[in-house]
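> Dropping the sequence and predicted coords here.
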Amino acid sequence: GIQVEQSPPDLILQEGANSTLRCNFSDSVNNLQWFHQNPWGQLINLFYIPSGTKQNGRLSATTVATERYSLLYISSSQTTDSGVYFCAGSGGSQGNLIFGKGTKLSVKP
Amino acid sequence: DAGVIQSPRHEVTEMGQEVTLRCKPISGHNSLFWYRQTMMRGLELLIYFNNNVPIDDSGMPEDRFSAKMPNASFSTLKIQPSEPRDSAVYFCASSLGLAGGRQYFGPGTRLTVT
C-alpha cells in the first residue's frame, strides 16, 4: 500500500514566523488532502489538493503529483495554528485515505 | 449544514460490554468512513461505505467489530465484546463521491474500555 511520510515530525515556532511542512508519498496519489487537528482533537480539512496550488488566507498548499510530494505553507503563524497537521491520500479509484503520522506544530506567543 | 454528527462523544465501558457508536453524515454526501486514532497506530481507516454499501472493510481489526449503514443518514459501528485495547478515538467522516472527494470529519467518540 501507499506509504506517507511527513516532515518535520515536530516544529516549534515563534508567533509571526513562517513554516513549510512536507508530505512525501511512496506512490502516485490522486486524492491528497491536508488536515489540522486542533488541541481539542477536532480534524479540520484544510485543503483538497491532488495537484497544483491553492491558498486560503495565511495557508497555502502545493502538490507536485509527478514527484509525489505536497507542501503546506503557514505564514505569519498564530498560536491558534498549534496542533497536528496531517496529510493523507489514496491511490487508484479508492476513496480510503492513508494518513501520515503528522507534524506537531507549537506556536509560542 | 450541521456537519458530521457523532454520538456519544465519550464512552466509558467495562471489558466484555457491547459498544455502539453512531454517525450522521453531512446531508447529500454518499460516502461514509469510519476511522480509529490511537497513539501507537495513528489514524487508520476501518471501513467505508458508498451509497450505503460497504466498499472496503479490510481495516476492521477483527470479528468483534461490525458496521452498518441502514440508510443514507445513519451509520453504526459496534464492538462486541469490547476489550481494553479498543480504547481509542473513533472518527466518522463523509464525502461526496467515491474515488476522491474532500472528507469532512465528525468530532469523534472517545472510547475507554476498562
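Arrived safely, thanks for sending.

> Lowest-scoring secondary structure element of the chain by mean pLDDT?
No chain in the question, so chain A it is. None of the helices or strands of chain A scores lower by mean pLDDT, DSSP states H and E than strand A:98-99, at a mean of 92.

> nope, chain B
Among the helices and strands of chain B, strand B:53-56 carries the lowest confidence by mean pLDDT, DSSP H and E, at a mean of 92.

> Tell me the residues of chain B that contact chain A?
Residues of chain B lying near chain A by CB under 8 Å from any CB of the partner chain: B:31, B:33, B:42-45, B:48, B:50, B:55-56, B:59, B:89, B:91, B:93, B:95, B:97-105, B:107-108, B:110. For every residue, glycine as well, the C-beta is placed using N, CA and C.

> what about the most centrally placed residue in chain B, which helix or strand?
With distances taken as CA atoms, centre = their mean, residue B:34 lies nearest the centre of chain B, 3.2 Å away. Under the criterion of DSSP states H and E, residue B:34 resides in strand B:31-38.

> what packs against that strand?
Here strand B:31-38 touches strand B:42-50, strand B:74-79, strand B:88-95, going by 3 or more CB pairs under 8 Å, 6 or more residues apart in numbering or on different chains; DSSP states H and E.

> Kindly recompute the last result at 7 Å.
On a contact count with 3 or more CB pairs under 7 Å, 6 or more residues apart in numbering or on different chains; DSSP states H and E, strand B:31-38 meets strand B:42-50, strand B:88-95.

> Which among the residues of chain B next to chain A count as buried?
B:31, B:33, B:42-45, B:48, B:50, B:55-56, B:59, B:89, B:91, B:93, B:95, B:98, B:100-105, B:107-108, B:110 (16 or more other CB atoms under 10 Å in any protein chain shown).
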